[in-house]
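> Pasting the sequence and the predicted model now:
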Amino acid sequence: MLKKLVTGELSLVITFWGWLVLGNIILAIIVNVLFSTITQPNPKVMAVVIIVILLIKFIIAGMVTSGIFFILRNKKITVWGVIAFILALINFIYAIIYAAACIYAICFVANIYK
């Protein structure tokens with residue numbers, strides 16, 4: 001399934017709406033549930049959880065961007081495909097910037113709690 005996603009063998013609808021949109025919604029729900037249920041968080045555990053979630057988001061964003069690129073390259077280029085690719089690319093760049101900012105913040109907090 002993941003190989004089909006990366007190589008563009010899935011449809012544009014499944015790649016964009018299923019993996020990009022629904023994947024981000026599921027990750028957001030997981031983050032909200034985790035942070036709302038923990039009353040006294042351990043900073044080190046929370047840092048690991050945040051890094052794992054960021055890695056998952058980064059990997060999904062990269063796979064979706066790759067999949068949409070190959071869909072456009074191997075199949076007919078459509079307006080919706082180009083729009084989906086631009087949004088996936090923006091999401092991928094956002095994932096990189098957000099991951100870097102969160103890792104920097106985690107390192108800063110880790111130095112405070114030494």
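Arrived safely, thanks for sending.
> Mean confidence (pLDDT) on the helix or strand hosting Gly67, please.
Assigned by DSSP states H and E, Gly67 falls within helix 43-74. For helix 43-74, mean pLDDT is 87.
> Now it: buried residues?
Neighbour counts using 16 or more other CB atoms under 10 Å place 47, 49-50, 53-54, 57, 60-72 of helix 43-74 among the buried residues. Quick note: C-beta positions are derived from backbone N, CA and C, even for glycine.
> Just the CA trace of stretch 93-113, in PDB.
Listed next in PDB are the C-alpha coordinates belonging to stretch 93-113 (Å, rounded to 0.1, in the frame of the first residue of the first chain):
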ATOM      1  CA  ILE A  93       7.600  22.400   3.500                       C
ATOM      2  CA  TYR A  94       5.400  23.200   6.500                       C
ATOM      3  CA  ALA A  95       6.200  19.800   8.000                       C
ATOM      4  CA  ILE A  96      10.000  20.500   7.600                       C
ATOM      5  CA  ILE A  97       9.700  23.900   9.200                       C
ATOM      6  CA  TYR A  98       7.400  22.800  12.000                       C
ATOM      7  CA  ALA A  99       9.600  19.800  12.800                       C
ATOM      8  CA  ALA A 100      12.700  22.000  12.900                       C
ATOM      9  CA  ALA A 101      11.000  24.500  15.200                       C
ATOM     10  CA  CYS A 102       9.600  21.800  17.500                       C
ATOM     11  CA  ILE A 103      13.000  20.000  17.700                       C
ATOM     12  CA  TYR A 104      14.700  23.300  18.500                       C
ATOM     13  CA  ALA A 105      12.000  24.000  21.200                       C
ATOM     14  CA  ILE A 106      12.400  20.500  22.700                       C
ATOM     15  CA  CYS A 107      16.200  21.000  22.900                       C
ATOM     16  CA  PHE A 108      15.700  24.300  24.600                       C
ATOM     17  CA  VAL A 109      13.300  22.800  27.100                       C
ATOM     18  CA  ALA A 110      15.600  19.800  27.700                       C
ATOM     19  CA  ASN A 111      18.400  22.300  28.600                       C
ATOM     20  CA  ILE A 112      16.100  24.000  31.100                       C
ATOM     21  CA  TYR A 113      15.200  20.700  32.800                       C
END
